[in-house]
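Visitor: Fold the stuff below for me.
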Amino acid sequence: MRCPYCGGDETRVIETREPPERGIVRRRRSCERCGERFTTCERVEARALKVVKRNGRRESFAEEKLRAGIERALEKRPVPAEDVESLVGRLLGRVARYAERELPTPLLGEWVMAELRDLDEVAYVRFASVYHEFQDLDAFRREIELLKGHRAARRARASRRRPAPR
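Guide: Purely as a prediction, here's the structure:
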């Protein structure tokens, strides 16, 4: 690893961190030549994955497009950046583990919606409206009713897990 300050190629790793669910390894390094410290990020390079669009067109998977769609849905929502990074990390991990070489975009969209549904309901509806191409208010109403049913089921599961008060 070359030092970004002096160009020296003798560096040593001081500390290694693997943030949860990110698929990235951060290393704190020190240059043996000039003594400066810097951080590097390492990511496993995934195999060439293609996404198959609804119209049958194929293109390379682009993390930037995934992230942009999620950030657009979360725009002006009170969601911490760490939660967004964690969500993107989980999705990228799921994409990396996908067994096939081609990932249908409808499946990827369902994965994103499932993550957004649990993170922020407004962002979920925003994403769903674009993903499902809502044409009228009735489509919004149906999706909101499904969301309410999901929320009720989630609360029921959570209440069954809690011990009864004494």
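Visitor: could you pull out the helices for this protein?
Guide: Along the chain, the stretches classed as helices by DSSP state H are 63-73, 81-97, 105-119, 121-131, 137-161.
Visitor: Present those helices as CSV; the columns should include distance to Arg12 and mean neighbour count.
Guide: Just so you know, the C-beta spots here come from the backbone N, C-alpha and C atoms, and that holds for glycine as well. Converted to CSV, those look like this (distance: least, C-beta to C-beta, whole Å; neighbours: other C-beta atoms under 10 Å):
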stretch, distance to Arg12, mean neighbour count
helix 63-73, 30, 15
helix 81-97, 28, 15
helix 105-119, 38, 17
helix 121-131, 43, 18
helix 137-161, 47, 11
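Visitor: For the residue nearest the centre of the chain, give me the pLDDT.
Guide: The centroid of the chain falls nearest to Val88 when counting by C-alpha atoms, centre = their mean (1.1 Å). Looking at Val88, its pLDDT reads 93.
Visitor: Identify the residues contacting it.
Guide: Going by C-beta atoms under 8 Å, 6 or more residues apart in numbering, Val88 touches 63, 66-67, 70.
Visitor: Against Phe140, how distant is it?
Guide: Distance, Val88 to Phe140, by C-beta to C-beta, to the nearest Å: 26 Å.
Visitor: Same check on Pro106?
Guide: Per C-beta to C-beta, Pro106 is found 20 Å from Phe140.
Visitor: ok, Leu91 - contacts?
Guide: 66, 70, 111-112, 115.
Visitor: Also Ala48?
Guide: By C-beta under 8 Å, 6+ apart, the neighbours of Ala48 are 60, 101.
Visitor: For the remainder of this discussion, apply numbering that starts at 21.
Guide: Shifting the count to begin at 21 puts that one at Ala68.
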